[in-house]
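*Asks:* build me a model from this:
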Amino acid sequence: MKRVWTRLLAITVLLASAVFVAVPAQAASLPVLIATSGNAAHTCARITESGTSDWVGVCADILTGTYTSSANGPSYQATGRVEVWCNNSAGVIPCLQISITGAGLYRQSNTSWAGDNNLCINNCSQSSVGRSYFTENWLGYPDATWEPICRDDVNGYTAVWAITGSIIVYDSDGWTISGTGPETGHYFVCEN
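*Replies:* Have a look, this model is predicted:
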């Protein structure tokens, strides 16, 4: 009988001690883009025209960098960018008209974003290789305020992602392609 009580006491002590064991907090985890290094996120997709070899390349980007604010001193930023180009069986061709709705750089908390609708409606300027870049507004972060807590909250102010939104493209062959472009995924934007 003494043996049973000893075992029961040992089990009770073991269970009681398990209740008081502290569990370390899980650290927030997202990939980090370092602004002082100019890190970027770049995700692309192909939107195709049914029954043809025609397609549009669309990329969502997050670009980072640093700047000096007259109000806050050294600061860093994230900028959203959409890249679009048209292709047919011969290669890259000009996109004559591009309409993008809902593109932007979003904060993880989704309480605010830097974005525009209808980024380019007619007569889009083209680079020599036929790619068009549409840069969104940027989100700024004063170093002293955000860097110490940059990686703390996956739903916070420094957690962002970029989306391309809905796209309609008319190319020089006379075809129309529409669809939804990619998003970059979610990142922390930090100074260092």
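
*Asks:* surely residue 132 touches residue 95?
*Replies:* Yes: in terms of C-beta atoms under 8 Å, residue 132 counts as a neighbour of residue 95; the distance is 6.2 Å. Where C-beta positions appear, they are placed from N, C-alpha and C, glycine not excepted.

*Asks:* which residue ranges form the strands in the chain?
*Replies:* Ranges of strands within the chain are 32-34, 40-48, 55-69, 73-88, 91-93, 95-101, 103-107, 113-116, 131-142, 159-163, 166-171, 176-180, 187-190, based on DSSP state E.

*Asks:* which of those sits most buried?
*Replies:* strand 159-163 (a mean of 25; mean count of other C-beta atoms under 10 Å).

*Asks:* okay, angle between that one and strand 131-142 too, please.
*Replies:* 160 degrees (axes from the mean of the first three to the mean of the last three C-alpha atoms, to 10 degrees).

*Asks:* and strand 159-163 with strand 176-180, angle?
*Replies:* Going by the same axes, to 10 degrees, strand 159-163 makes 160 degrees with strand 176-180.

*Asks:* about what we covered before: which of the strands of the chain has the lowest average pLDDT?
*Replies:* Least confidently modelled of these is strand 113-116, at a mean of 52 by mean pLDDT.

*Asks:* quick check: bridge partners of the residue positioned nearest the centre of the chain?
*Replies:* Central residue of the chain (C-alpha atoms, centre = their mean): residue 161, 2.2 Å from the mean position. Beta-bridge partners for residue 161, by DSSP bridges, are residue 106.
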